[in-house]
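> No letters, just coordinates:
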């Protein structure tokens with residue numbers, strides 16, 4: 001039985017593809033999931049995905065806020081605050097703060113079902129896309145809270161410099177440059193580069209980081225000081 005979700009607490013969420021299969025096969029899949037992070041984080045019923053998603057079938061900057069100027073809608077009533085996110089080929093990470101007792105469960109259910117329906121229709125498949133229920137851990141101490149945003153944002157290095165997890169990383173500036181170009185996370189928005197700003201609620205963490213410029217400095221320091229043991233309780237892998 002899952003522990004009771006406490007509104008206002010922070011949680012690390014992980015879900016991966018069934019049998020560790022890839023859940024994002026092209027850029028449009030990543031964009032669709034990011035769109036769903038925005039669309040399904042709402043107590044109001046979701047609008048039709050078919051016409052909403054037409055607004056982001058491009059990489060042009062004007063679409064990065066995932067809003068369509070031609071669609072009227074009620075103001076969103078957020079289920080959760082999405083503090084940090086990162087999408088990887090076969091899984092995703094979220095750092096969230098539920099706003100209601102059932103907000104997190106409702107949001108993840110809408111997110112997983114909505115994206116699975118899109119994926120199965122697009123690739124003409126059936127059955128489960130995700131590997132069971134999502135994994136979650138409550139962030140209840142300061143050490144875990146401090147490390148989690150960095151840990152989630154460093155995950156894309158697995159695709160380019162997997163040695164980072166063994167503390168064998170040599171070129172930290174190259175690692176930062178790769179992360180700076182990786183579009184499928186909230187990393188760019190946290191270092192002051194507009195990417196998908198409508199997805200995350202960043203004021204809380206940016207205040208903690210003392211703003212984007214100070215956060216850039218702390219990222220390199222965290223990579224250099226990275227200790228796998230300190231993050232083991234957060235990984236959910």
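Yep, it's here. Keep in mind that this is a model prediction, so the values were computed, not measured.
> for the protein, which residue is closest to the average position?
residue 85 (1.8 Å; Cα atoms, centre = their mean).
> Next up, identify which helix or strand it is on.
Counting by DSSP states H and E, the element that carries residue 85 is strand 80-88.
> outside of that strand, which residues touch it?
Contact with strand 80-88 is made by 10, 24, 30, 33-34, 37, 41, 92-99, 103-104, 107, 148-149, 152-153, 155-156, 158-159, 184-187, 190, 199-202, 204-205, as judged by Cβ atoms under 8 Å, 6 or more residues apart in numbering. Just so you know, the C-beta spots here come from the backbone N, C-alpha and C atoms, and that holds for glycine as well.
> so what pLDDT did the residue nearest to the centre of the chain get?
Looking at residue 85, its pLDDT is 98.
> Specify the beta-bridge partners of it.
Beta-bridge partners recorded for residue 85 (DSSP bridges): residue 94.
> For residue 225, see how far away it is.
As judged by Cβ to Cβ, to the nearest Å, residue 85 and residue 225 stand 24 Å apart.
> Just the buried subset of the contacts of strand 80-88, please.
With burial judged by 16 or more other Cβ atoms under 10 Å, the buried subset of the contacts of strand 80-88 is 10, 24, 30, 33-34, 37, 41, 92-99, 103-104, 107, 148-149, 152-153, 155-156, 184-187, 190, 199-202, 205.
> which ones among those are found in strands?
Counting by DSSP state E, the buried ones among the contacts of strand 80-88 place 10, 92, 93, 94, 95, 96, 97, 98 in strands.
> now, among those, which is nearest to residue 166?
Residue 166 lies nearest to residue 93 out of these, by Cβ to Cβ, at 19.8 Å.
> who touches that closest one in this structure?
Taking Cβ under 8 Å, 6+ apart as the test, what residue 93 contacts is 12, 13, 14, 84, 85, 86, 152, 155.
> a markdown table please, covering those and showing distance to residue 143.
Below are the contacts of residue 93 laid out as a markdown table (distance: Cβ to Cβ, whole Å):
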| residue | distance to residue 143 |
| --- | --- |
| 12 | 13 |
| 13 | 19 |
| 14 | 19 |
| 84 | 17 |
| 85 | 22 |
| 86 | 20 |
| 152 | 15 |
| 155 | 19 |
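> Spit out the contact partners of the nearest residue to residue 226 once chain neighbours are set aside.
Take residue 226 and drop its neighbours on the chain: the residue closest to it by Cβ to Cβ, 6 or more residues apart in numbering is residue 167, 6.2 Å away. If a contact means Cβ under 8 Å, 6+ apart, then residue 167 has 226, 227, 228 as its contacts.
> Let me know the pLDDT of residue 220.
pLDDT, residue 220: 92.
> per-residue confidence at the closest residue in space to it that isn't next to it in sequence?
Nearest residue to residue 220, sequence neighbours excluded (Cβ to Cβ, 6+ apart): residue 172, at 5.5 Å. On the pLDDT scale, residue 172 is placed at 94.
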